[in-house]
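Undergrad: predicted structure and sequence below. I'll ask about it afterward.
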Amino acid sequence: MTAKTLYDKLWDAHLVEQFDDGSALIYIDRHIAHEVTTPQAFEGLKLAGRKLWRVAATVAVSDHNVPTRDVHNITDPVAKLQLETLARNCREHRITHFDIGDVRQGIVHVTGPEQGWSLPGMTIVCGDSHTATNGALGALAFGIGTSEVEHVMATQTLVLRKAKNMLIDVDGVLPRGVSAKDLILAIIGRIGTAGATGHTMEYAGSTIRALSIEERMTICNMSIEAGGRAGMVAVDDKTIAYVDGRPGAPKGGLWARAVDYWKTLVSDPAATFDTVVRFDAATIEPQVSWGTSPEMVLPVSGRVPDPAREVDDVKRTGMQNALKYMDLKPGTALTDIAIDKVFIGSCTNSRIEDLRAAADVVRGKRLARNIRLALVVPGSGLVKQQAEREGLDRVFLEAGFEWREPGCSMCLGMNPDQLAPGERCASTSNRNFEGRQGHGGRTHLVSPAMAAAAGIAGHFVDVREVN
Amino acid sequence: MDAFRKLTGLVAPIDRPNVDTDAIIPKQFLKSIKRAGFGPNLFDEWRYLDKGEPDKPNAGRPLNPDFVLNQPRYQGAQILLARDNFGCGSSREHAPWAIHDFGFRAVIAPSFADIFYGNSAKNGLLLVTLPAAIVERLFADCARTEGYALTIDLETQTVTEPDGTCHAFDYSAGLKHRMLNGLDDIGITLQHADRIRAYEARRRDITPWLFADA
Ligand code: SF4
């Protein structure tokens, strides 16, 4: 038998039919819906007189439009209608839906693993590009468009072409103060935002093995920022311990059978990858993005790069545009960049470990006077509860941060949490595109600890020198 | 998706080249949560004298009497006669949704934009490409003759004029199969429904916990 990668195994296990033209019909175990990308899909089903192929395979949660304060008072009528439409569609089709006010509600990619909606070995889709987050559990998870959402709901399958295999192999021990977020930013900084285009990424090596499942989610989450539609980590004991006891985990005798199966979800030692990139964890520093693309990122000890030194014309223009938008001068030390706002949240960094890491930096200190707003937005109602049990809310509130209700919040400007034009934000989210956090807003991507430290200092600092 | 076999329908002419998808359905309507109901806003900026908004009722809005689709003689038209490069611009699938929702089943033009062509085929809107000289004549005849109707037969791939003159058109075999049988991508996948069920039966033995619901 030929050696297979984890991706090969997941692909083969879900192959319904291989077509002559190279495409294949792939079975989808789990579809997670949210309010933004599903209304037309439901409408399409209705117009065609179709039903869901397997109702229980689809689950839903509201997140993008949800306000993080006064959650039941949605002032934007378009947002409100979208949320109501999801609720109505779920009622009509008898789909499980966590709506506003439900303690289990949260960001779709936080809620999925938390509830055990996502399990190892599954194919998981959602109309959102950060669905790859779920790959941390040893699953094949990726974002899809609205017509594909409809296709999955009606047929429980997708017509796909197999991607190439890419191995991101990280070895060694991450230095103190360097997090999973810094690691994935450093990976994107090295391979670029198109580095994994056409590939499914597997993160492996001793560094990845040492990460918690939450940290692996942070890594897999940003696969799309590296150009990969899916990113995954092989199953190990941590994966199984994470899933154990979740509402959606297999029960009774099925648990032992599932565990036996999940343990096979690793790349065979002899498996070959089309592309392999290796990293030495010991060399990685805390990262800060300086531009308008996630690959425009540097170690915190660095300085804003000089476009004049870039030989590639296209890259140079891109850098010039980015510096103009970000209002930064070449040669400025990253630690000299002052910020206006702090955002700790998003599907990249809003799980309990992220909040703990940020709270550790903040404890007993106060926000700098130039900080206009510092938000902490837990990824789900359950994360919020857990954090409150640990007293993290008080740590943040005493330091001057706001403690909000779960949702996508300031990760993108779809709800009331936004940057004003020209405002500069230390953000734990995943995209620093122009206007992403609000029209004219300037985003610097960082880890939760680095965001917290920047809030305390008023500018970026090396979190390793803070505590 | 609606099947298309043969249709004899009233023709409405839209006499300008490069009609783009923003003209077909302006961007403010893309905020909608629906894919039906765009018909009343088809060609919104040409059709009405005021600016349309997604939450604004269209009944009672001032109509542009000069716009072709507002003229009494074209009410109930099912075939749109158009010029070169129809459907250019943004890739919005809302454009064929709007044309179809208005009541058109086919568009005849000398050429169409690529993405619009693909989107239309996915949504049961038949696009017929005919040589520019013939389209020119159809425009003239249509203007001259009230109640001007054409017959489009997809099976034989022909357009027949009222006097019996017949024009053949090209259409890809794959798309033709979908159109004749009203199959969209989902419809085609559902032709493999037995295979999907067989897969589920197989997987139920290997990973039963994934099917605990059924
Ligand atoms: S938190 Fe941000 S990236 Fe994640 S799902 Fe919400 S909007 Fe998308």
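TA: Arrived safely. Residues are numbered from 1 along each chain as shown, chains lettered A, B, ... in the order given.

Undergrad: any idea which strand is longest in chain B?
TA: Ordering each strand of chain B by length in residues (DSSP state E) puts strand B:6-14 first.

Undergrad: buried sites along it?
TA: Within strand B:6-14, the residues scored as buried using 16 or more other Cβ atoms under 10 Å in any protein chain shown are B:7, B:9-14. For the C-beta atoms, the positions are set from N, CA and C on the backbone; glycine is no exception.

Undergrad: which one of the residues you listed is nearest to the ligand?
TA: Checking the buried residues of strand B:6-14 against the ligand with Cβ to the nearest ligand atom, the nearest one is residue B:14 at 39.6 Å.

Undergrad: contacting residues for residue 90?
TA: I went with chain A, as the question did not name one. A:33, A:60, A:96-97 (Cβ atoms under 8 Å, 6 or more residues apart in numbering or on different chains).

Undergrad: that's the wrong chain, I wanted chain B
TA: Here residue B:90 is in contact with B:20-22, B:27 (Cβ under 8 Å, 6+ apart).

Undergrad: what does residue B:52 give?
TA: Neighbours of residue B:52 in contact, by Cβ under 8 Å, 6+ apart: B:26, B:28-29, B:41, B:44-45, B:58, B:61.

Undergrad: give me that answer again for 10 Å
TA: When contacts are counted by Cβ atoms under 10 Å, 6 or more residues apart in numbering or on different chains, residue B:52 touches B:25-26, B:28-29, B:40-41, B:44-45, B:58, B:61.

Undergrad: could you give the number of residues near residue A:321?
TA: For residue A:321, the number of neighbouring residues by other Cβ atoms under 10 Å in any protein chain shown comes to 14.

Undergrad: point out the other helices and strands that the longest strand seen in chain A packs with.
TA: Taking DSSP E as the criterion, chain A has its longest strand at strand A:164-171. Other helices and strands packing on strand A:164-171, by 3 or more Cβ pairs under 10 Å, 6 or more residues apart in numbering or on different chains; DSSP states H and E, are helix A:6-13, helix A:180-191, strand A:199-204, helix A:206-210, strand A:275-280.

Undergrad: buried ones in stretch A:307-317?
TA: residue A:307.

Undergrad: what's in contact with that stretch?
TA: A:306, A:318-324, A:330.

Undergrad: the lengthiest helix in chain A near the ligand at all?
TA: The longest helix of chain A (DSSP state H) is helix A:77-93. No. Helix A:77-93 stays clear of the ligand (Cβ under 6 Å from any ligand atom), getting no nearer than 13.2 Å.

Undergrad: picking that back up, among the helices and strands packed on strand A:164-171, which is the most enclosed?
TA: strand A:199-204 (a mean of 27; mean count of other Cβ atoms under 10 Å in any protein chain shown).

Undergrad: could you list the paired strands of that strand along with their orientation?
TA: strand A:164-171 (parallel), strand A:230-232 (parallel) (DSSP bridges).

Undergrad: out of the ones you listed, nearest to the ligand?
TA: Closest approach to the ligand among these (Cβ to the nearest ligand atom): strand A:230-232, 14.3 Å.

Undergrad: shaky segments in the chain?
TA: Defaulting to chain A. A:467 (pLDDT under 70).

Undergrad: oops, wrong one, chain B.
TA: For chain B (pLDDT under 70), the answer is B:214.

Undergrad: return the set of buried residues in the longest strand of chain A.
TA: Buried, per 16+ other Cβ under 10 Å, within strand A:164-171: A:165-170.

Undergrad: would you map out the domains in chain B?
TA: Annotated domains of chain B cover B:6-183, B:184-214 [automatic domain parsing].

Undergrad: who are the neighbours in contact with residue A:286?
TA: Residue A:286 neighbours (Cβ under 10 Å, 6+ apart): A:175, A:177-179, A:181-182, A:185-186, A:299-301, A:334, A:446-447, A:449-450, A:453, A:460-464.

Undergrad: spell out the secondary structure type for the closest residue to chain B within the stretch 201-350 of chain A.
TA: Nearest to chain B in the stretch 201-350 of chain A, going by Cβ to the nearest Cβ, is residue A:250, at a distance of 3.5 Å. At residue A:250 the chain is in coil, as set by DSSP: H, G, I helix; E, B strand; the rest coil.

Undergrad: that one and residue A:122 touch, don't they?
TA: No. Using Cβ atoms under 10 Å, residue A:250 makes no contact with residue A:122, being 11.7 Å away.

Undergrad: so what's whatever residue of the stretch 51-200 of chain A ends up closest to chain B closest to, chain neighbours aside?
TA: Residue nearest to chain B within the stretch 51-200 of chain A (Cβ to the nearest Cβ): residue A:56, separated by 3.4 Å. Of all residues not flanking residue A:56 in the chain, residue B:213 sits nearest, at 3.4 Å (Cβ to Cβ, 6 or more residues apart in numbering or on different chains).
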